[in-house]
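Asks: make a model of this:
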Amino acid sequence: MAKRGVPGYIVSMLKRGYSPDIIRNKLLESGYNIEDIDKAFSSAYGKGENKFIPIIILMMVIISLSAIGYIYFYYFYPQKNSSAFSFSIKADSSDAERGDFVVFSKETELISDDNVLLKYELISKDDKSVIAKEEEYGSLAELFSRKSKLEVPIDAKSGAYQIKATLEYKTSKKTALAEVNIDGSGKSRSNDGGEPDLSAETTNLVPSTTIARISTTTSTVAIQEEEDNENLEDIDVDSLDSYEALFKIKELAKSNSETAASKCSDFEIDIFRYDCYSNIAEVTGDYSFCDKIKDERLKDNCIIIAAKSSKDDSVCEKASSSEKKDSCYRFFVFGLRDYSVCFKINDEMMRTTCENLRDV
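Replies: You can find the predicted model right below:
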């Protein structure tokens, strides 16, 4: 191999992917001395190495972009495209009465301990008006472990309605619908018997016999309400469907929380018993009912529910960990737009976000 052809040989071998050490050894084996080889390499790099610089730079750019793409796809993309999950609801019954509850279950393929926001609306298919709405905020696992409900107003019109449920998870929203018919002949306590309106302008025009009948009706309603409360206090958990018992105990908690709490202990299964205490905490805004829950994760969820219900951010401090406390504060920041809690937030990124929103 001629000495003046060695630089070209080196360039050719480099293009084919051989390392300088391998090329150097090949030349030594072929009888070239080390001094000539070094000169040949200097000549090769001077003449040919610059040709590789753009290729090397391009390869580095491609590798860098590939790495960035990999990180984005596997770490960020799933979060921003979490809409791939399914979400559905199913009403326990296709019919409901005024003054009654529309009860429905929720299903999703998501498995997470993240907090989510669930919004429910009962919408008339006739005029698209919303006659009832509710919200729930808490861990996905806890919220989907139990059924939800919407109370049908006593003055609701009979007809076809839709239950619209919206699940807000990270940056995604999913909506689910279920059909239900409302019958006006149910538990309504409104006076549909054609009784005159006792407004200030018409009182003097109403016969005394009519006033007497209306007073009797009012008394009857009051008696009926007392009887309903007594019936609730007689709840037999063992004889009822667990979810039905939970709803009745929750209603009882509105008038007698201590009696309602005593009913919770009748549940043999822990998850229902803990859910019962959590419902009472939600109704009363009293986090002390959460102390009856032995499971730490569910107790934390109960505390968050009580904080939300009472709108008292100091309740968040009762949570067991800084992560759960921050989950509680998240409701005040993003749900109530209350930025006074920013300094209490432990997570630096979340605290900064809160402060930036406060300063806007």
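Asks: my read is that Ser129 contacts Ile123, right?
Replies: Yes - the criterion here is CB atoms under 8 Å, and Ser129 meets it with Ile123 at 7.1 Å. (Each C-beta comes from the backbone N, C-alpha and C, glycine too.)
Asks: phi first, then psi, for Leu143.
Replies: phi -70, psi -30 (degrees, to the nearest 10).
Asks: tell me how many other residues crowd it.
Replies: A total of 20 residues lie near Leu143 under the criterion other CB atoms under 10 Å.
Asks: just Glu244 next, same as before
Replies: 16.
Asks: which helix or strand contains it?
Replies: helix 242-253 (DSSP states H and E).
Asks: quick one on the thing from earlier: who has more neighbours, Ser129 and Ile123?
Replies: Of the pair Ser129 and Ile123, Ile123 is the one with more neighbours under other CB under 10 Å, namely 17 against 11.
Asks: for that one, phi and psi?
Replies: Here is the backbone geometry of Ile123 (degrees, to the nearest 10): phi -120, psi 130.
Asks: for Arg337, give me its contacts.
Replies: By CB atoms under 8 Å, 6 or more residues apart in numbering, the contact set of Arg337 is Leu357.
Asks: mind checking the SS state of it?
Replies: Of the three states, Arg337 takes coil under DSSP: H, G, I helix; E, B strand; the rest coil.
Asks: any idea how far Glu296 is from it?
Replies: As for Arg337, its distance to Glu296 is 30 Å (criterion: CB to CB, to the nearest Å).
Asks: could you do Leu240 as well?
Replies: 29 Å.
Asks: now swap in Val61 and tell me
Replies: 50 Å.
Asks: just Ser340 next, same as before
Replies: As for Ser340, its distance to Glu296 is 28 Å (criterion: CB to CB).
Asks: what's the domain layout of the protein?
Replies: As assigned by automatic domain parsing, the chain contains the domains 3-80, 85-190, 218-359.
Asks: quick one: those as CSV, columns for mean pLDDT too.
Replies: Putting those into CSV (pLDDT from 0 to 100) gives the following:
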stretch, mean pLDDT
domain 3-80, 71
domain 85-190, 85
domain 218-359, 86
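Asks: how many neighbours does Met60 have?
Replies: Using other CB under 10 Å: Met60 sits among 10 other residues.
Asks: contacts only, for Phe334.
Replies: Phe334 makes contact with no residue, according to CB under 8 Å, 6+ apart.
Asks: list phi and psi for it.
Replies: phi -90, psi -20.
Asks: what distance do you get for it to Tyr137?
Replies: 10 Å.
Asks: now the helices for the protein?
Replies: Counting by DSSP state H, one finds helices in the chain at the ranges 6-15, 20-29, 34-44, 50-71, 77-80, 140-143, 208-233, 242-253, 257-264, 270-284, 296-310, 322-330, 348-359.
Asks: now those helices as a markdown table including distance to Ala91?
Replies: Output for the helices of the chain, formatted as a markdown table (distance: least, CB to CB, whole Å):
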| stretch | distance to Ala91 |
| --- | --- |
| helix 6-15 | 71 |
| helix 20-29 | 74 |
| helix 34-44 | 79 |
| helix 50-71 | 43 |
| helix 77-80 | 31 |
| helix 140-143 | 17 |
| helix 208-233 | 23 |
| helix 242-253 | 13 |
| helix 257-264 | 26 |
| helix 270-284 | 20 |
| helix 296-310 | 24 |
| helix 322-330 | 30 |
| helix 348-359 | 37 |
